[in-house]
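Asks: Here is the input, now give the coordinates:
(2 chains)
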Amino acid sequence: MRIPRIAALVAGVAAASLALAGCASSDNGGGGGSSSGVVNVAWGEPENPLIPANTNEVNGGQILTNIFAGLVYYKADGSWDYDAAESIESDDYKTWTIKLKPGQTFSDGTPVTSDSFVKAWQWAAADPELLNQWWFIDAIAFEGGTYDGGENTLALNVVDDTTFTVELAAPRADFPVALGYSVFVPLPESFFDDPDAFGDNPVGNGPYKIAEDGWVHGESLKLVPNESYNGPRKAENGGLNFVVYASQDAAYADLLSDNVDVIDTVPVSALATFKDDLGDRAVEQATAVFQSFTMNYNLAHFGDDEEGQLRRAAISHAINRQEITDVIFNGTRTPAEDFTSPVIAGFDPASIEGSDVLKYDPDLAVDLWNQANAISPWDGQFQIAYNADGGHQEWVDATANSIKNTLGIDAVGLPYPDFAGLRTEVNDRTIKSAFRTGWQFDFPSQANILGALYVTGSGSNDADYSNPEFDDLFRQGLASPTLEEQNEYFNQAQGVLFKDLPAIPLWYGAVTTGYSTLVDNVEFGWDSWPILYQITKAE
Amino acid sequence: MFWYIVRRILQGIPVFFGSTLIIFAMVFAMPGNPVLRMFGERTPNPAQVAALEAMYHLDQPFFVRYFLYLGDVVQGNLGYTFAGQSVNEILARTFPTTLRLALLAVIIQLGIGVTVGLISGLRKGSVFDGTALVISLLLISMPVFVLGFVMQWFFGIQLGIFRPTVGAGAPWADLILPAIVLAALNMAYVIRLTRASVLETAQQDFVRMAYGKGLTRRRVIPVHILRNSLIPVTTNLAADFGILIVGATVTEGIFNVPGVGNELFKAINRHDTPEIVSIVTILVIVYVLVNLFIDLLYGVLDPRIRYVK
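Replies: Sure, this is the predicted structure:
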């Protein structure tokens, strides 16, 4: 999922509000008693119509999560449980049988059946050209899931009203985890009559439904509890009111005066003061975001050979991650220890061979660099490209400086005016420098990041990395029945990554945010989103 | 009079073409494919990119694109944002709010500005005059976003008199604080202009003549002094209307007013090129029309420059 970046208006804005955000009352009253209040949530207008297969950014995603119930849902810690499904089973992890809980309905009263799921997924796979989430059907490797599209392209079979089967192209033990992603929700019959109209007023089967005339574009979207929902995510409040904010600063000002109850992130200008402002209502926790930078294997001196491998390791050892996260990020990021995330099940870098390549070790870095120079002397400048519209300059410059000071080479940050400009060169492989990369997990499984970024030929393999040993270990991990076995393979696969370093891991993301004095039970999930249905608020 | 209006409107046409061409060229001169932004760090399916490029004419040469766009604009279709929303609808939704905000700002700056300026001018050198000069200097030297954040923090968060941001439906009461911020800078200029103008007019022969005829101050000040002092203020107002809307981009962003400036603020943050071009185009048209209107207003205030054929 993509996070829209709200760039600071001008540096001065940040400076001004930094000085201002110093004081605010912070008595933590909280709700208590009956919880029928409507929770106000800071939000942005979705960038696409609210069609599950066409929504790939967080604002639309937040609404979908609350108005739809997929087969499974994610808890705050990233574990999953059944939502609309009663069971999801398989003997070989290739053919899956999915049973639905009986008697479920959409908020318009029509029943949720196997067809609701099967038709929705087939529709998403039928027109790959215009659906932002088509990649997902492909990434899961459904049998028949190719870019060709067409009718009934996926191997899905309806057995009866509450049972259907899914056939995958390759065994995948974490399939149920992936099913919690919003692209796999069911759709009512009315969707297929007029998808465009549906995108403006979607009808779901989740804990909430859109209030009548609830969506005032550019201003707000109101959700009310859906009485017909009987799943595990029953709404604990009187509804949700998503309010559009043009800037994080405006949302934060409203949070301080209790006009909005939950914000997604504290503006940069208030990072230094938000803990004082909010007291125990300030939230700071790790989230499933992985930051790195990547050198394509076509970059001079960083090819798929001994010299490239030595140089990659030298660069990695030359970065003082601890110092950069402490100084640049005020300690809100944690240095990377592997290629996944500490909030995702299976995280265990200590047991992975070679993970110490991420340790800051200037002497070893220089030594490795000199070994590489013996093969082919270094010339020129080491550049790390980044988009200047996303607040990356400080850490990129700090990272380049760390490399420069350790290795004694010329290293600089290379700004691109905007994200699109950077991605254009990365995508058509014309970029002639290292470049910043990152990943926000779509579903809480290590398979999500390892499969999307490093498997030969996978969609976001920006380095053009290809190692059959890694591919093989990854596939074996996917097909392993238990988490323990899967992790064993994935850790071995990560061992290969530590040796090859197709990307240089930097640090893990964190969410820094807070909530108002009027609400209780606010919890932020593994994906950094607030878990809205369980928030309580007095009238 | 009629021909004057026609001539002025015709003059607006090259202005329209020139400004849209420049905006269009600048926005699309940014390197990179804007479509790719929609996919984040994920590499999109090439077929999907091609389809989106065709949808936004990004596969066409620059001038073809520009004329396709102009053709749409002439037919009243301002195009679609990358999110697929009609820019017409966005403007229809947001313009009323921005106009209300601008109207409120104009009322504040004229009401307070002219009154203070008039008193200052009539009582030159008094304590009131000195205080007004210092305050206006302060307002002129303060950037609008600093003033905006200070007012939001002090009146909104600390004192709680106003909501720090504008609530749903943008009620008038919520618009007062942003309108004051928006009006502040130009209000300072209005104070100074009115003061200088009143000082000058008060020395004129016709004013002494009026007093000489035995007219009272209550008659001379509003009819003879004030009316003649308002001409430069009116010119200033015209120039200011554009600034009000540009300034509104910052102010509406700070106070989260659901207006055009806020929409432009978000569009720029999202790099939504079709939306940026269309909104700025509309702002240019509005600016041209408002200037025309103000020029016509001169005639009402000063019969000497009334347009006779």
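
Asks: for chain B, what are the nearby residues on the stretch 301-450 of chain A?
Replies: Residues of the stretch 301-450 of chain A found near chain B (Cβ under 8 Å from any Cβ of the partner chain) are A:389, A:416-425, A:427, A:437-439. (Glycine included, C-beta is placed from N, CA and C.)

Asks: Off-centre distance for stretch A:270-284?
Replies: 24 Å (Cα atoms, centre = their mean, to the nearest Å).

Asks: what about it and chain B, touching?
Replies: No. Contact of stretch A:270-284 with chain B (Cβ under 8 Å from any Cβ) is absent, the minimum separation being 9.8 Å.

Asks: biggest helix in chain A, by residue count?
Replies: helix A:483-500 (DSSP state H).

Asks: Now do the buried residues in it.
Replies: Across helix A:483-500, burial judged by 16 or more other Cβ atoms under 10 Å in any protein chain shown covers A:483, A:486-500.

Asks: can you check stretch A:358-371 too?
Replies: A:358, A:360-361, A:364-366, A:368-369.

Asks: Return the subset of those lying in helices.
Replies: With helices defined by DSSP H, the entries of the buried residues of stretch A:358-371 inside them are A:364-366, A:368-369.

Asks: These into a markdown table, with extra columns for pLDDT?
Replies: Below are these laid out as a markdown table (pLDDT from 0 to 100):
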| residue | pLDDT |
| --- | --- |
| A:Leu364 | 95 |
| A:Ala365 | 95 |
| A:Val366 | 95 |
| A:Leu368 | 95 |
| A:Trp369 | 95 |
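
Asks: Show me which of those is closest to B:Pro232.
Replies: A:Ala365 (68.7 Å; Cβ to Cβ).

Asks: So the closest one sits against A:Ala314, correct?
Replies: Yes. Counting by Cβ atoms under 8 Å, A:Ala314 is a contact partner of A:Ala365 at 4.8 Å.

Asks: list residues touching both of those two?
Replies: With contacts taken as Cβ atoms under 8 Å, 6 or more residues apart in numbering or on different chains, A:Ala365 and A:Ala314 have A:Leu407 as neighbours in common.

Asks: Quick check: chain neighbours aside, which residue is closest to B:His57?
Replies: Using Cβ to Cβ, 6 or more residues apart in numbering or on different chains and skipping the chain neighbours, the partner closest in space to B:His57 is B:Arg65 (4.9 Å).

Asks: if you skip the residues just before and after it, what's nearest to the residue positioned nearest the centre of chain A?
Replies: By Cα atoms, centre = their mean, chain A has its centre lying nearest to A:Gln440, at 2.7 Å. Nearest non-adjacent residue to A:Gln440, counting by Cβ to Cβ, 6+ apart: A:Val289, 5.0 Å away.

Asks: Check whether A:Trp123 sits in a helix, strand or coil.
Replies: Assigned by DSSP: H, G, I helix; E, B strand; the rest coil, the conformation of A:Trp123 is helix.

Asks: what pLDDT does it get?
Replies: A:Trp123 is assigned a predicted lDDT (pLDDT) of 85.

Asks: A:Gly354 is in contact with A:Asn491, correct?
Replies: No. In this structure, A:Asn491 is not within contact of A:Gly354 by Cβ under 8 Å, at 10.6 Å.

Asks: Phi first, then psi, for A:Gly530.
Replies: Actually, residue A:530 is Pro. It isn't Gly. Dihedral pair for A:Pro530: phi -70, psi 140, per degrees, to the nearest 10.

Asks: any idea how far A:Tyr181 is from A:Gly303?
Replies: Counting by Cβ to Cβ, to the nearest Å, the gap from A:Gly303 to A:Tyr181 is 36 Å.

Asks: And the two? Which one has more around it.
Replies: Neighbours per residue (other Cβ atoms under 10 Å in any protein chain shown) separate A:Gly303 from A:Tyr181, with A:Tyr181 holding more: 23 against 16.

Asks: pretty sure that one is in contact with A:Phe68, am I right?
Replies: No. Under the criterion of Cβ under 8 Å, A:Tyr181 makes no contact with A:Phe68, lying 11.0 Å away.

Asks: which residues sit in contact with B:Gly156?
Replies: Listed by Cβ under 8 Å, 6+ apart, the contact partners of B:Gly156 are A:253, A:257, B:162-165, B:177.

Asks: I'd guess the residue nearest to A:Gln440 is in a strand, am I close?
Replies: Yes. Under three-state DSSP, A:Val289 sits within a strand.

Asks: how far away is it from A:Thr332?
Replies: On the measure of Cβ to Cβ, A:Val289 and A:Thr332 end up 11 Å apart.

Asks: okay, and the common contacts of the two?
Replies: Both A:Val289 and A:Thr332 are in contact with A:Ala510, where contact means Cβ under 8 Å, 6+ apart.

Asks: Show me the contact partners of the longest helix of chain A.
Replies: A:173-174, A:309, A:312, A:338-340, A:345-346, A:348, A:351-355, A:357-358, A:446-447, A:450, A:454, A:465, A:467, A:469-470, A:473-474, A:476-478, A:480.

Asks: What remains of those residues if I keep only buried residues?
Replies: Buried members of the contacts of helix A:483-500, scored by 16+ other Cβ under 10 Å, are A:173-174, A:309, A:312, A:338-340, A:345-346, A:348, A:352, A:355, A:357-358, A:446-447, A:450, A:454, A:465, A:467, A:470, A:473-474, A:476-478, A:480.

Asks: mind listing which of those are in helices?
Replies: Of these, the ones assigned to helices by DSSP H are A:309, A:312, A:446-447, A:450, A:470, A:473-474, A:476-478.

Asks: A:Gln381: which of those residues is nearest?
Replies: A:Arg312 (17.0 Å).

Asks: Just give the closest residue to the closest one, not the sequence neighbours.
Replies: In space, and not counting its chain neighbours, A:Arg312 is closest to A:Leu501: 3.9 Å by Cβ to Cβ, 6+ apart.

Asks: now swap in A:Thr536 and tell me
Replies: A:Ser35 (3.7 Å).

Asks: Please apply the same query to B:Ala132.
Replies: B:Ser120 (4.8 Å).

Asks: can I assume the one you found sits in a helix?
Replies: Yes. Per three-state DSSP, B:Ser120 lies within a helix segment.

Asks: and it, what does it touch?
Replies: By Cβ under 8 Å, 6+ apart, the residues touching B:Ser120 are B:126, B:128-129, B:132-133, B:191, B:194-195, B:198.

Asks: Strands - which of those residues land there?
Replies: Among those, no member is found in strands (DSSP state E).

Asks: Any of these buried? List them.
Replies: The neighbour count (16+ other Cβ under 10 Å) marks B:129, B:132, B:191, B:194-195, B:198 as buried among the contacts of B:Ser120.
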